[in-house]
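> When you get a sec, could you give me coordinates for this:
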Amino acid sequence: MGRVVVHFDGASVSTGGQYHGGWGYTIEGEGMEHEGCGRVAASGQATNNVAEYTAILEALEFLRSRGYQGPVRILGDSQLVVRQFSGEYKVRAPHLKPHHQKLLELASSFSHVEMEWVPRELNQRADALSKRGLTG
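Just a heads-up that it's a prediction; the model follows:
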């Protein structure tokens, strides 16, 4: 059995003390090829980390909505999200705790989930989509 590979990224900008975030992801494998992007809905809390979490949550929600339950390999350039998922970092920021909890819940929908950090150069399409999400 194959597996699905997800690349995710988030971006944010601060304007007058308010953060605006964008997210993006790509999905490939098991006959699927999909990408998504959008703006982070969180008012004032759309930091880069929230945008990163939103990207992976949106990707996993998409997979689940398609009935996919197999293995998923997740690649992203956010060390924080990757290390919080693995348990290497604790989730200390209160505004990230609900995102982390939702990630763990969604991950349990699949037979196996592994998440790995990749350098930005290997995450260019998701990065471009997250920046498109900022303007969308």
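> all contacts plus neighbour counts: C-alpha atoms, from now on.
Fine.
> Just the strands from this structure, written as ranges.
Along the chain, counting by DSSP state E, strands occupy 4-15, 18-29, 32-39, 72-76, 113-117.
> In JSON lines: the ones you listed, plus distance to Ala46 and mean neighbour count.
JSON lines is the format used below for those (distance: least, Cα to Cα, whole Å; neighbours: other Cα atoms under 10 Å):
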{"stretch": "strand 4-15", "distance to Ala46": "7", "mean neighbour count": "23"}
{"stretch": "strand 18-29", "distance to Ala46": "5", "mean neighbour count": "24"}
{"stretch": "strand 32-39", "distance to Ala46": "9", "mean neighbour count": "18"}
{"stretch": "strand 72-76", "distance to Ala46": "18", "mean neighbour count": "22"}
{"stretch": "strand 113-117", "distance to Ala46": "21", "mean neighbour count": "17"}
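> any chance of those in TSV, with mean pLDDT and distance to Ala107 too?
What follows is the strands of the chain, written out as TSV (pLDDT from 0 to 100; distance: least, Cα to Cα, whole Å):
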stretch	mean pLDDT	distance to Ala107
strand 4-15	92	13
strand 18-29	92	15
strand 32-39	95	18
strand 72-76	97	9
strand 113-117	97	6
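> Dump these into a markdown table; add distance to Arg132 as well.
A markdown table is the format used below for those (distance: least, Cα to Cα, whole Å):
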| stretch | distance to Arg132 |
| --- | --- |
| strand 4-15 | 9 |
| strand 18-29 | 7 |
| strand 32-39 | 7 |
| strand 72-76 | 17 |
| strand 113-117 | 22 |
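> Kindly export stretch 104-111 (C-alpha atoms) in PDB.
Extracted C-alpha coordinates of stretch 104-111, given in PDB (Å, rounded to 0.1, in the frame of the first residue of the first chain):
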ATOM      1  CA  LEU A 104      -3.600  14.900  17.300                       C
ATOM      2  CA  GLU A 105      -7.300  14.100  16.800                       C
ATOM      3  CA  LEU A 106      -7.100  14.300  13.000                       C
ATOM      4  CA  ALA A 107      -3.900  12.200  13.000                       C
ATOM      5  CA  SER A 108      -5.700   9.400  14.700                       C
ATOM      6  CA  SER A 109      -8.000   9.100  11.700                       C
ATOM      7  CA  PHE A 110      -5.200   7.600   9.600                       C
ATOM      8  CA  SER A 111      -3.400   4.300   9.900                       C
END
